[in-house]
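[1] Model the structure of this input:
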Amino acid sequence: MTRPFLTISLIAVLAAGVTAQKPAPAKAAAAPNQKLEQMKKDAVADVDSMREFTQQMVDQIFSYGELGFQEFETSKYITGILEKNGFKVERGISGIPTAWVATWGAGKPVIAIGSDIDCIPQASQKPGVAYHDPIIEGAPGHGEGHNSGQAVNITGVLAVKKIMEREHLSGTIKIWPGVAEELVGSKAWFVRDGVFKDVDIAIFSHVDSSFAPQEWGDDSGNGLVSVEYSFKGESAHAAGQPWRGRSALDAVELMDVGWNFRREHLRLQQRSHYVITNGGDQPNVVPPNASVWYYFRENDYPHIKELWDIGNTMAKAASMMTSTEVSWRILGTAWPKHMSKTLSELMEDNIKAVGMPTWSEADQALARGIQHELKSKEEGLATKVSALKGPIPEEQRRGGGSDDIGDVSWTVPTVSLRFPSNIPGLPGHNWANAISMATPIAHKGATAGAKVQAMTMLEILTRPEVVQQAWDYFKNVQNKDKKYIPFITDKDPPAIWLNKATLDKYRPEMRKYYYDPTKYKTYLEQLGIKYPTVRSATSTAQP
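    Coordinates of the predicted model:
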């Protein structure tokens, strides 16, 4: 793909602050650095010139709609771009076919920049349409927005790469994908296998409706272990001689009943949920095999481990009650996130410099349209950047989602950018969250995010004290009283078989809808969608 040359528009860039290096620090202003400020302005201008490139990446990955461990088209597309731009790509990281690391540059600092690439089951949705209208009924789709993060990072990296070459800056850039993040299925394996062993700073990006760094310190999200329990019994004729059978499904159901009774006596912070992945073959055969898949979520390692131990006890008890055998395997894991205060404050200054994208009335109409459809507050899109948040007190933490970037954040100083490409007030992990993700909302948000990533990388590359301060916080504050203990062992393989059957079923039809940028300027144009398409009149009040 060629990089487009568009009209360059410079934005004013504020000088970024430096976080002081003490355990309870106040920010100290950086000394003026005119050369750095000019480099940041040049990077911002270059990102602006790549708007079409960014838009095409966002739309292309959206059109693939690949579930975790099956991101073959997505990975082939992204690594192709990187190789054309001089990156050396190593594929098959940690035994995962869709995992890779792309490297360019030499020397210190080493910056690893990543974003997730997988999507959500049954979230197929036409972009720009403010009601449920799947491209393919039942197919997966980007109902979280992971199609946008690599566009943010790669656009920013290419702008930085050009400046590094011009200014002869030392530094190594590693780009990597969050494979199967919805299964929390890869990053702990990357950590285990040494992907980050020589990395100085990790930078991440994740779609949001706001514009801010991820909370620094222990935020409101949980860590988890993802465990599948499999029971083995004995088949028999369910009507003729049921007494000769030992039902594995009975064991699954007894485990689930026991767990649901136990919920009353678990901490408020816990989040646990399950699906029965194998319930038997047919009703007239006593099921000899059955499986149930649990997520055990909690705030910290000891409480996650405690939940897992309780789950194991429930499984053993169910096995004893049904005279079946039980085994279990870990399918995914995530430590609670802990982002760097130093890096988060640095990134916040760059976000303030860039500012929120300018939304059109069409953008706002789409947002208010789906908010009206889902009976959410019709507030439209946010117009101001969000404030950086710090740690949430333990007594106020009441659970939440998980992301295996947590394992990375306990391994190397890490900062995560939340960039504005989605719509407030939506359910998450849902078709509605796909509506904006191949529209001008996602395109503008990705461009804004790319500017912040480029500016932040340039500060890390040119200011050695940033790396030093980040590591001081990492060693003397973050890890002072805690130690990262992985949930997986060397014997736990990544669950690369997951989602294969689903993609085998839907991919032939999905291929018909892959975006073709040689024929269409945008994916909306290819699908023939009028932007925005709104079913009914909504509030016209401006946010």
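[2] CA only for contacts and neighbour counts going forward, please
    Fine.
[3] got the end-to-end distance for stretch 511-525?
    End-to-end distance of stretch 511-525: 17 Å, with Cα to Cα, to the nearest Å as the criterion.
[4] quick check, distance from that stretch to the centre of its chain.
    25 Å (Cα atoms, centre = their mean, to the nearest Å).
[5] can you check stretch 96-111 too?
    The answer for stretch 96-111 is 18 Å, by Cα atoms, centre = their mean.
[6] now stretch 423-441
    Using Cα atoms, centre = their mean, the offset of stretch 423-441 from its chain centre is 14 Å.
[7] now it: mean pLDDT?
    For stretch 423-441, the mean per-residue pLDDT is 97.
[8] next one: stretch 390-397
    On average, stretch 390-397 scores 78.
[9] and what of stretch 519-532?
    Stretch 519-532 shows a mean pLDDT of 98.
[10] Likewise for stretch 144-158?
    98.
[11] likewise stretch 50-70?
    In the prediction, stretch 50-70 has an average pLDDT of 98.
[12] list the buried ones in that stretch?
    Neighbour-count burial for stretch 50-70 flags 50-70 (criterion: 16 or more other Cα atoms under 10 Å).
[13] so of those residues, which ones are in helices?
    Mapping those onto helices (DSSP state H) picks out 51-64.
[14] Confirm residue 292 sits in a helix?
    No: using DSSP: H, G, I helix; E, B strand; the rest coil, the secondary structure at residue 292 is strand, not a helix.
[15] Tell me how many other residues crowd the residue nearest to it when sequence neighbours are not counted.
    Spatial nearest neighbour of residue 292, excluding adjacent residues (Cα to Cα, 6 or more residues apart in numbering): residue 276 at 4.3 Å. If you count neighbours by other Cα atoms under 10 Å, residue 276 ends up with 16.
[16] Residue 222 too?
    Going by other Cα under 10 Å, the residues that sit close to residue 222 add up to 28.
[17] And for the one 5 residues further on?
    The local packing of residue 227 (other Cα under 10 Å) involves 21 other residues.
[18] Pretty sure it sits against residue 291.
    No: contact status for residue 227 versus residue 291: not in contact, 10.4 Å apart, counting by Cα atoms under 8 Å.
[19] can you list residues touching both of the two?
    Residues within reach of residue 227 and of residue 291 at once, by Cα atoms under 8 Å, 6 or more residues apart in numbering: there are none.
[20] Just the buried positions in stretch 515-527, please.
    Buried residues in stretch 515-527 (16+ other Cα under 10 Å): 515, 522, 523, 524.
[21] In contact with the first one, which residues?
    The reference is to residue 515. 59, 60, 63, 523, 526.
[22] Distance check, it against residue 125.
    Using Cα to Cα, residue 515 is found at 14 Å from residue 125.
[23] can you check the last one too?
    Distance, residue 524 to residue 125, using Cα to Cα: 12 Å.
[24] Now go through the buried residues of stretch 515-527 and say which are in helices.
    Per DSSP H, these map to helices at 523, 524.
[25] Serialize the buried residues of stretch 515-527 to JSON lines and add fields for distance to residue 414.
    Shown next, in JSON lines, are those (distance: Cα to Cα, whole Å):
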{"residue": "515", "distance to residue 414": "33"}
{"residue": "522", "distance to residue 414": "34"}
{"residue": "523", "distance to residue 414": "33"}
{"residue": "524", "distance to residue 414": "35"}
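[26] where are the low-confidence patches of this protein?
    1-31, 219-220, 399, 536-543 (pLDDT under 70).
[27] how about 90 then?
    1-32, 216-221, 268-269, 389-402, 478, 480-482, 536-543 (pLDDT under 90).
[28] Kindly indicate which of the ones in helices among the buried residues of stretch 50-70 lies nearest residue 34.
    Using Cα to Cα, residue 51 is the member of those that lies nearest residue 34, at 26.3 Å.
[29] Surely residue 367 is in a strand?
    No: read with three-state DSSP, residue 367 is helix and lies in no strand.
[30] Tell me how many other residues crowd the closest residue in space to it that isn't next to it in sequence.
    With sequence-adjacent residues excluded and distances taken as Cα to Cα, 6+ apart, residue 367 is closest to residue 380, at 5.0 Å. When counting by other Cα under 10 Å, one arrives at 26 neighbours for residue 380.
[31] Before I go, just wanted to say thanks for your time.
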